[in-house]
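Peer 1: Give me a model of this one.
(2 chains)
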Amino acid sequence: MTRYVISQTVLLSVVWLLFSGMWTYPVILSLGVASVIVTVWLVGRMGLLARDTEVLHMIPAALRYWPWLMGQIVRANLQVAGRILAGPDAIDPRIAQTKTLQRTHVGRAIMANSITLTPGTVTLRVTEDHIEYYALTPDLVDDLEAGEMNRRALRFEEGLS
Amino acid sequence: MGIVLDILSWMLLLAGSALMVIGGIGLIRMPDFYSRIQAAGLTDTLCSILILLGLTLQADSVPLAAKLLFTLVFLLFTGPTAAHALAKTAQHDRLEPWRRAPGGASSKR
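Peer 2: I've put the predicted structure just below:
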């Protein structure tokens, strides 16, 4: 508990300092301190000072996953941009399903959000062990079936525990 | 140093703007709701990334750059959420996706 109070306080303080940009006025700084304290108290009251909702411990896993995802986003953007310029003749949409390897809600949310974040595919439905998604072209289905995103999202999920 | 940053920043901004235009073309040109979401996906993702990074390079203070980067992070979380909500609702209301007509030639709308 103490750990999460500390990490939440550090996070909110850094965000407050970055957003306000006023680091030298005592009056405003003390108002910032007060708002951080009130916010941490509110978050605690909501029962959100727990491991699942703590952001800092997610950073190492996220830093391993995001660069790869960013590459996929760039690749998918160029593909879809090409399809758009080629017109509706270049697309062959379908709805497909993929089995999810992740076990937790957070893991499945990471996977579903990654599918939607890469243009050309959008998640339609998430069940206990499947994700149903819309794909603009058949090769996007092949890409997802190859399972690299699934495995990397699983590694992300494992990195959180 | 300043000129290098300016050139880099302008390249990012122009590339982002080009993607924005292509996304707009796709929004009109794609045949149905689901495929239009994909076109909007361009402006949601790489377009916002490029433009916000380009603007960050133009920022003259750390708090300003931080705000732009936070904006980017929030966009990358809310964008797919909105796209998913739209697509899920469309599917829930039994909107069938546009399909390529069998036999090669595509039916227009």
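
Peer 1: Show me what the helix or strand harbouring residue B:89 is packed against.
Peer 2: Using DSSP states H and E, residue B:89 sits in helix B:62-92. The helices and strands touching helix B:62-92, judged by 3 or more Cβ pairs under 8 Å, 6 or more residues apart in numbering or on different chains; DSSP states H and E, are helix A:2-20, helix A:105-117, strand A:121-126, helix B:33-44, helix B:46-58. Yep, even glycine has a C-beta here, placed from its N, CA and C like the rest.

Peer 1: what angle sits between it and strand A:121-126?
Peer 2: If you take axes from the mean of the first three to the mean of the last three Cα atoms, to 10 degrees, helix B:62-92 sits at 60 degrees to strand A:121-126.

Peer 1: Would you format the helices and strands packed on helix B:62-92 as TSV with mean neighbour count and distance to residue A:82 included?
Peer 2: TSV is the format used below for the helices and strands packed on helix B:62-92 (neighbours: other Cβ atoms under 10 Å in any protein chain shown; distance: least, Cβ to Cβ, whole Å):
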stretch	mean neighbour count	distance to residue A:82
helix A:2-20	15	38
helix A:105-117	21	19
strand A:121-126	23	16
helix B:33-44	23	11
helix B:46-58	20	13
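
Peer 1: Which of those sits closest to residue A:90?
Peer 2: Closest of those to residue A:90 is helix B:33-44, at 10.7 Å (criterion: Cβ to Cβ).

Peer 1: Run the chain-centre distance for the closest one.
Peer 2: 7 Å (Cα atoms, centre = their mean, to the nearest Å).

Peer 1: Chain A versus the residue nearest the centre of chain B, what's the distance?
Peer 2: Nearest to the mean C-alpha position of chain B, counting by Cα atoms, centre = their mean, stands residue B:43 at 1.7 Å. For residue B:43, the distance to chain A equals 9 Å [Cβ to the nearest Cβ, to the nearest Å].

Peer 1: Apart from its chain neighbours, what residue comes closest to that residue?
Peer 2: With Cβ to Cβ, 6 or more residues apart in numbering or on different chains as the criterion, residue B:43 has its nearest non-adjacent residue at 3.9 Å, and that residue is residue B:23.

Peer 1: The one you found belongs to a helix?
Peer 2: Yes - applying DSSP: H, G, I helix; E, B strand; the rest coil, one finds residue B:23 inside a helix.

Peer 1: tell me the contacts of it?
Peer 2: Applying Cβ atoms under 8 Å, 6 or more residues apart in numbering or on different chains, we find residue B:23 in contact with A:84, B:39-43, B:47.

Peer 1: got it, and residue A:49?
Peer 2: So residue A:49 contacts A:1, A:4-5, A:8, A:40, A:43 (Cβ under 8 Å, 6+ apart).

Peer 1: Those: which ones sit near chain B?
Peer 2: Checked against chain B using Cβ under 8 Å from any Cβ of the partner chain, those give no members in range.
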